[in-house]
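Fold the following and give me the result.
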Amino acid sequence: MSKKIDVDDALIRKLADLMDETGLTEIEISQDDFSVRVARGGTAVTAVAPVAIGAAPAAEATPEVSHADHPGVVTSPMVGVAYTAAEPGTPSFVNVGDTVSEGQVVLLIEAMKVFNQIKAPRGGVVKNILVESGSPVEFGEPLLIIE
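Numbering: from 1, shown residues only. Model prediction:
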């Protein structure tokens, strides 16, 4: 038997407006057994039906390599948009192979129209940059690896 879904248009519009404000291309919220995901991949905005409690998660189309357990990972302290340079056309803060010192700015994350400096938590060599400039990031998402 199919369960009828009551879509909250105001919630979806509010999430879409939040995406416009922050530059994100996707946002998801969940509460109890209800989940809504709004994604912008061109012009489409979609909503996901409620998730049944205890249901098996859907299989990912493309499995991603997890860098979260790497001892040198630098993670995002907030949701926002990551930038590898201070402004378009200027050199990146760091490149793969660069030696960085503790406290050196390695990225910027824009959140709510404020640019936040992301500083190296330790000195070392940048082994991998895991985000592209202008891409949305989530709290705790791996940004780069310093060894």
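
What residues does Phe93 make contact with?
Under the criterion of C-beta atoms under 8 Å, 6 or more residues apart in numbering, the neighbours of Phe93 are Thr84, Ala85, Ala86, Gln104, Val105, Val106, Leu107, Leu108. Every C-beta, even on glycine, is put in place using the N, C-alpha and C of the backbone.

Name the nearest residue to the second one, sequence neighbours excluded.
Yep, that's Ala85 we're talking about. Ser92 (5.0 Å; C-beta to C-beta, 6 or more residues apart in numbering).

What is the burial count for that neighbour?
When counting by other C-beta atoms under 10 Å, one arrives at 16 neighbours for Ser92.

What separation do you get for it and Val106?
9 Å (C-beta to C-beta, to the nearest Å).

ok, now Asp20?
Note on Asp20: its distance to Val106, by C-beta to C-beta, is 28 Å.

the more surrounded of those two?
Shown here are Asp20 and Val106; by other C-beta under 10 Å, Val106 has more neighbours (21 against 10).

what residues go with each domain of this structure?
1-54, 73-146 (automatic domain parsing).

what is the mean pLDDT for the first one?
Over the span of domain 1-54, the pLDDT mean works out to 65.

now swap in stretch 129-143 and tell me
92.

Can you tell me what sits against it?
Counting by C-beta under 8 Å, 6+ apart, stretch 129-143 makes contact with 22-26, 66-68, 70, 73-85, 92, 94-96, 106-107, 109, 118, 144-145, all of which sit outside it.

Show me those residues that map onto helices.
Thr22 (DSSP state H).

Restricted to buried residues, select the contacts of Phe93 in PyMOL.
Here is the PyMOL selection string for the buried members of the contacts of Phe93, based on 16 or more other C-beta atoms under 10 Å:
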select buried, resi 84+106+107+108
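
Can you lay out the contacts of Phe93 as TSV showing pLDDT and distance to Val126?
Putting the contacts of Phe93 into TSV (pLDDT from 0 to 100; distance: C-beta to C-beta, whole Å) gives the following:
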residue	pLDDT	distance to Val126
Thr84	93	11
Ala85	92	14
Ala86	90	17
Gln104	94	10
Val105	94	13
Val106	95	7
Leu107	94	11
Leu108	94	16
